[in-house]
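# just the structure for this:
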Amino acid sequence: MSSREQVLALLDEGHSYETAGRLLNIPPGQAYLIATGRPADGSDNPHPEEERGKPVLPGSTQHLVNPPAINPTRDRKIVAWVKDRATRELGERA
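Next comes the predicted model:
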C-alpha cells in the first residue's frame, strides 16, 4: 500500500496524479484518495475548510476514476500465427 507521504512527494516533484499512480503501481484515483482523503469520483461534498492545505484539483476529478483500459484489439504476432495456421489448414485439405 502506498503512503500519503509517497504520493505527496511525487506531487511535490511535479508529477500528476496519473504519473504518481503509475510510478506507485496504483490507479490515479487511489493516489488522489491517499493524498486528499477524498474519493476522486466526486461522491464527497466537503466543506471548503476541509480542503484547505490539501492537494485538491480544481473542478472535476472524475477523469481519475476508471481510466480507460489499454486493451489492444490486434497483435501482429497473433495475426501472423492465424495466417500461418490458416495456410497450413488449407494446405492439408488440398
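# measure R85 to G91 for me?
The span separating R85 from G91 equals 11 Å under the rule Cβ to Cβ, to the nearest Å. Using the backbone N, CA and C atoms, a C-beta is placed for each residue, glycine as well.
# next one: R4
Relative to G91, and taking Cβ to Cβ, R4 is found at 62 Å.
# between these two, which has more neighbouring residues?
R4 (13 against 8; other Cβ atoms under 10 Å).
# three-state assignment of the nearest residue to G29 once chain neighbours are set aside?
With sequence-adjacent residues excluded and distances taken as Cβ to Cβ, 6 or more residues apart in numbering, G29 is closest to A40, at 3.8 Å. Here A40 is recorded as coil under DSSP: H, G, I helix; E, B strand; the rest coil.
# now do the buried residues in the strand or helix carrying Q6.
In this structure, Q6 sits in helix 4-12 according to DSSP states H and E. Judged by neighbour count (16 or more other Cβ atoms under 10 Å), helix 4-12 contains these buried residues: Q6, V7, L8, L10, L11.
# for this protein, what helix or strand is lowest in average pLDDT?
helix 48-51 (a mean of 69; mean pLDDT, DSSP states H and E).
# please report how far the residue nearest to the spatial centre of the chain lies from S43.
In the chain, the residue lying closest to the centroid (Cα atoms, centre = their mean) is P27, at 4.4 Å. Between P27 and S43 the distance, using Cβ to Cβ, works out to 16 Å.
# now do R52
Plainly put, R52 is 20 Å away from S43 if you go by Cβ to Cβ.
# top helix in this structure by residue count?
Ordering each helix of the chain by length in residues (DSSP state H) puts helix 76-93 first.
# could you dump that one to CSV, C-alpha only?
As requested, C-alpha coordinates have been extracted for helix 76-93 and formatted as CSV (Å, rounded to 0.1, in the frame of the first residue of the first chain):
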residue,chain,number,x,y,z
ARG,A,76,0.9,-8.6,-35.1
LYS,A,77,2.2,-11.9,-33.7
ILE,A,78,-1.3,-13.3,-33.3
VAL,A,79,-2.4,-12.2,-36.8
ALA,A,80,0.8,-13.8,-38.2
TRP,A,81,0.1,-17.1,-36.3
VAL,A,82,-3.5,-17.2,-37.5
LYS,A,83,-2.5,-16.6,-41.1
ASP,A,84,0.2,-19.3,-40.8
ARG,A,85,-2.3,-21.7,-39.3
ALA,A,86,-4.9,-21.0,-42.0
THR,A,87,-2.3,-21.6,-44.7
ARG,A,88,-1.4,-24.9,-43.1
GLU,A,89,-5.0,-25.9,-42.7
LEU,A,90,-5.7,-25.1,-46.4
GLY,A,91,-2.6,-27.0,-47.5
GLU,A,92,-3.7,-30.1,-45.6
ARG,A,93,-7.1,-30.2,-47.3
